[in-house]
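K.L.:
what shape does this take:
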Amino acid sequence: MDSKTFYTTLEKPGTAEFKERGSKFIGYAFPVQTAEEFKAALQLTKKEHAKASHHCYAYRLGLDGNNFRVNDDGEPSGTAGKPILGQIDSKELTNVGIVVVRYFGGTLLGVPGLINAYKTTATVVLQTLPFIQKPIELNYRLQFDYTMMNPVMMIIKQFNCTVLQQEAQLFCMLTIGIPINRQEEVLYRLKELLTV
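P.N.:
Below is the predicted model:
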């Protein structure tokens, strides 16, 4: 098992601009948890920049390094998405997406010029944003009588667990993320509390 207990991501979304021989590149970076969340951010960006020539992007999600996507959106293959992803990876970030919007300025930049422009825009937008360390969490589903809600919530708060989903009918159903380095402690406390 990996000994890492934290991962690095963006604290908040941000934007930055880069100009190259008449073309304008606008980079948007977002902290995202899921591909769906990224797609929603991408759609908003496309709506805001409907007249742009290209909306190229890359994202990396999760901790195993296998969940990523790159898109050149009509630019020559490998000139946009890959250089953007390269910048996310060079900073060792995850749960991050970057969209670079291009307004064509009339001058062809060529393959090296495009790679440089997309890479630079991704670099510039990441330089403007604070990074944060977040605990790696393991997800658990808890089911308990609603009379136990307060003591359960106290444990969740005390150990900085995240409530991911909450349902309350006859029983309370919570999906929580437990920081990996506090897992044993939290499960012990919850078991002690919820076992009659």
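K.L.:
please pull out the lowest mean pLDDT helix or strand from this protein.
P.N.:
Lowest mean confidence among the helices and strands of the chain (mean pLDDT, DSSP states H and E): strand 162-168, at a mean of 86.
K.L.:
what's the following helix or strand past that one in contact with?
P.N.:
Once the chain leaves strand 162-168, the next helix or strand it forms, by DSSP states H and E, is strand 171-179. Residues outside strand 171-179 that contact it (CB atoms under 8 Å, 6 or more residues apart in numbering): 5, 135-146, 148-149, 152, 156, 159-167, 186-187. C-betas here are computed from N, CA, C, even on glycine.
K.L.:
hmm, back to that, just want the angle from the least confident helix or strand of the chain to strand 171-179.
P.N.:
Strand 162-168 and strand 171-179 are oriented at 170 degrees to each other (axes from the mean of the first three to the mean of the last three CA atoms, to 10 degrees).
K.L.:
centre of the chain versus strand 162-168, how much separation?
P.N.:
Chain-centre distance of strand 162-168: 20 Å, with CA atoms, centre = their mean, to the nearest Å.
K.L.:
name the nearest residue to residue 7, sequence neighbours excluded.
P.N.:
Ranked by CB to CB, 6 or more residues apart in numbering and with sequence neighbours excluded, the top spatial neighbour of residue 7 is residue 94, at 5.3 Å.
K.L.:
how about the contacts made by that neighbour?
P.N.:
Contacts for residue 94 (CB under 8 Å, 6+ apart) come out as 7-9, 60-63, 65.
K.L.:
make a ChimeraX selection of whichever of the contacts of strand 171-179 turn out to be buried.
P.N.:
Selection command for ChimeraX covering only the buried members of the contacts of strand 171-179, criterion 16 or more other CB atoms under 10 Å:
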select :135,136,137,140,142,144,152,156,159,161,186
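K.L.:
run through the neighbouring helices and strands of the least confident helix or strand of the chain.
P.N.:
strand 171-179 (3 or more CB pairs under 8 Å, 6 or more residues apart in numbering; DSSP states H and E).
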